[in-house]
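Visitor: coords below, sequence missing:
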């Protein structure tokens, strides 16, 4: 009997040791680098899950779990934790079209039609002021504004794009950056051929970067010759990277292309094979059903820019028709010279309101659709839908938290409604990209804010002087 009891004790001890070993192994295996916990999680996944008192567990640059807080906290042990009680936890916002250095032209010329705004003010200002220094200072200012207002990914078209990429990478943001190609001499290239050479060097340098997706950006079908457009497409395909282009933005553009090419901008570009590869068209205000079918069939993403389109009176894009045609529809601010900010919360709100009032249908653009365009659909438009745009295990840890406990946010019956119709960029408390905390408790960590603002004010003085000098020339 005694031997039997000893045997039972030994078996029990062995079982206990095994259980402890399994427990220790599990605790060790379930360690994560960061946990964001306690807020209402808006996942933006295919099921549209919204989870109250939830948490997101992150290991390195990747989301490993999303769910109820008690469940996540019981399964994972974090090296660092962000308390998001009283906040909404959501995917970082995706700005599908902008020109970030143009923040330095914010308010330079307002209340003008697009062609007058471009030819009489913006192009002359760019000729007088754009340089690598200008671009870097403007990119830093834009990065600061985007981090503070919850944008984690943006698509850009401008000059000296390599300098924009350097500044973006240092700030920790994710971006699709297009080196511009245009017919006339510009700051970084005297000819389209030189612009294409610069674009190829840019593609080669950044092709494997985890945050920067380099792209080729022919300006528009009316400012780039057909052979150059085809060369830009071939270059993008050579490196398996996107082509970004302004598309069907105004009635004037439609008229110019129709008279010169006897086709719409969409069908003209299609005839050149421009859509044969990963592509994003910005604005797309003036499309017909045939255009939309071509864009759908070619898998082209589109970027809606409601604030810029309204301010420049370019027209109202038929975004609900884009979505009905199955087109990947993203949302952008355009450059701050024509918007005049990079706040994606404003872009969402105006996209919803514009669709409603233009159609006289209050259901035309529900809050959910506007938010999808700024997150999941925007990621798809940029060809990044498998990596970002929703909070799901396996995706990149790009997320933000926004305050939801102040007077303006109280009461909160529906988190998605609050994001689109109540929240502002200034409500963002935390910004995380690829698991790296760029801003915590409203304090940006990756940029020296005071220096960024000082540099921007200095450069704005140069812009003011240059524009004033130009205005006095005969």
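Guide: Right, received. Where do you want to start? Since we're looking at a predicted model, the values are computed, not measured.

Visitor: what stretches of the stretch 301-450 of the chain score poorly on pLDDT?
Guide: Low-confidence segments of the stretch 301-450 of the chain, defined by pLDDT under 70, are absent.

Visitor: separation between residue 160 and residue 141?
Guide: 15 Å (Cβ to Cβ, to the nearest Å). Glycine gets a C-beta too; all of them are placed from N, C-alpha and C.

Visitor: the helices in the stretch 201-350 of the chain, which residues?
Guide: Assigned by DSSP state H, counting those that start in this stretch, the stretch 201-350 of the chain shows helices spanning 226-238, 251-261, 265-271, 289-298, 306-311, 319-324, 344-359.

Visitor: what separates stretch 341-357 from the chain centre, distance-wise?
Guide: Computed by Cα atoms, centre = their mean, to the nearest Å, the chain-centroid distance of stretch 341-357 equals 15 Å.

Visitor: one more: stretch 204-224?
Guide: Remark: stretch 204-224 is offset 15 Å from the chain centroid, using Cα atoms, centre = their mean.

Visitor: in it, what counts as buried?
Guide: Of all the residues in stretch 204-224, those buried under the rule 16 or more other Cβ atoms under 10 Å are 206, 211-224.

Visitor: nearest to residue 266 among the residues you listed?
Guide: Nearest to residue 266 among these, counting by Cβ to Cβ, is residue 221 at 8.9 Å.

Visitor: is it true that that closest one touches residue 267?
Guide: No - using Cβ atoms under 8 Å, residue 221 is not in contact with residue 267; the gap is 10.4 Å.

Visitor: sorry, back to before: turn the helices of the stretch 201-350 of the chain into a markdown table, columns for mean neighbour count.
Guide: Shown next, in a markdown table, are the helices of the stretch 201-350 of the chain (neighbours: other Cβ atoms under 10 Å):
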| stretch | mean neighbour count |
| --- | --- |
| helix 226-238 | 18 |
| helix 251-261 | 15 |
| helix 265-271 | 21 |
| helix 289-298 | 16 |
| helix 306-311 | 22 |
| helix 319-324 | 18 |
| helix 344-359 | 21 |
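
Visitor: select, out of these, the one closest to residue 39.
Guide: For the helices of the stretch 201-350 of the chain, the distance to residue 39 is smallest for helix 344-359, at 17.0 Å, taking Cβ to Cβ.

Visitor: and the contacts of the closest one?
Guide: Contacts with helix 344-359, where a contact means Cβ atoms under 8 Å, 6 or more residues apart in numbering, come from 93-95, 149-151, 304-307, 310, 316, 319-320, 331-333, 362-367, 369-371, 373-374, 419-421, 423-425, 427.

Visitor: that older thread, among the helices of the stretch 201-350 of the chain, which comes closest to residue 41?
Guide: Checking the helices of the stretch 201-350 of the chain against residue 41 by Cβ to Cβ gives helix 344-359 as the closest, at 18.1 Å.

Visitor: check contacts around residue 394.
Guide: With contacts defined as Cβ under 8 Å, 6+ apart, residue 394 is in contact with 62, 63.

Visitor: swap in 10 Å and give it another go.
Guide: Residues counted as contacts of residue 394 (Cβ atoms under 10 Å, 6 or more residues apart in numbering) are 62, 63, 64, 386, 387.

Visitor: equivalent analysis for residue 367, please.
Guide: Going by Cβ under 10 Å, 6+ apart, residue 367 touches 348, 349, 352, 414, 415, 416, 417, 418, 419, 420, 421.

Visitor: got CSV for these, with secondary structure and distance to residue 126 too?
Guide: Shown next, in CSV, are those (DSSP: H, G, I helix; E, B strand; the rest coil; distance: Cβ to Cβ, whole Å):
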residue, secondary structure, distance to residue 126
348, helix, 29
349, helix, 30
352, helix, 33
414, coil, 43
415, helix, 41
416, helix, 39
417, helix, 40
418, helix, 39
419, helix, 35
420, helix, 34
421, helix, 36
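
Visitor: picking that back up, of the helices of the stretch 201-350 of the chain, which is nearest residue 36?
Guide: Residue 36 lies closest to helix 344-359 among the helices of the stretch 201-350 of the chain, at 19.4 Å (Cβ to Cβ).

Visitor: which residues of the stretch 301-450 of the chain fall in strands?
Guide: Along the stretch 301-450 of the chain, counting by DSSP state E, counting those that start in this stretch, strands occupy 301-304, 329-331, 399-403, 428-433, 436-440, 443-444.

Visitor: any idea how far the closest residue to residue 321 other than its chain neighbours lies from residue 248?
Guide: The shortest distance from residue 321 to any non-neighbouring residue, by Cβ to Cβ, 6 or more residues apart in numbering, is to residue 292 (6.3 Å). Per Cβ to Cβ, residue 292 is found 11 Å from residue 248.

Visitor: what residues are shared contacts of the two?
Guide: By the contact definition Cβ under 10 Å, 6+ apart, residue 292 and residue 248 are jointly contacted by 266, 284, 302.

Visitor: quick one: these as a markdown table, columns for distance to residue 392 too.
Guide: Output for the shared contacts of residue 292 and residue 248, formatted as a markdown table (distance: Cβ to Cβ, whole Å):
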| residue | distance to residue 392 |
| --- | --- |
| 266 | 33 |
| 284 | 29 |
| 302 | 24 |
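
Visitor: buried ones only from the contacts of helix 344-359, please, as a ChimeraX command.
Guide: Buried subset of the contacts of helix 344-359, written as a ChimeraX selection, criterion 16+ other Cβ under 10 Å:
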select :93,94,95,149,150,151,304,305,306,307,310,319,320,331,332,333,364,365,366,367,369,370,371,373,374,419,420,423,425,427
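
Visitor: next, count neighbours for residue 385.
Guide: Residues lying near residue 385 (other Cβ atoms under 10 Å) number 17.

Visitor: returning to that earlier point: between the shared contacts of residue 292 and residue 248, which is closest to residue 438?
Guide: Nearest to residue 438, judged by Cβ to Cβ, of the shared contacts of residue 292 and residue 248 is residue 302 at 28.0 Å.

Visitor: who's in contact with the nearest residue to the closest one once chain neighbours are set aside?
Guide: Nearest residue to residue 302, sequence neighbours excluded (Cβ to Cβ, 6+ apart): residue 284, at 4.7 Å. Residue 284 makes contact with 246-249, 265-266, 291-292, 295, 300-305, 309, 317-319, 322, 327, 329, according to Cβ under 10 Å, 6+ apart.
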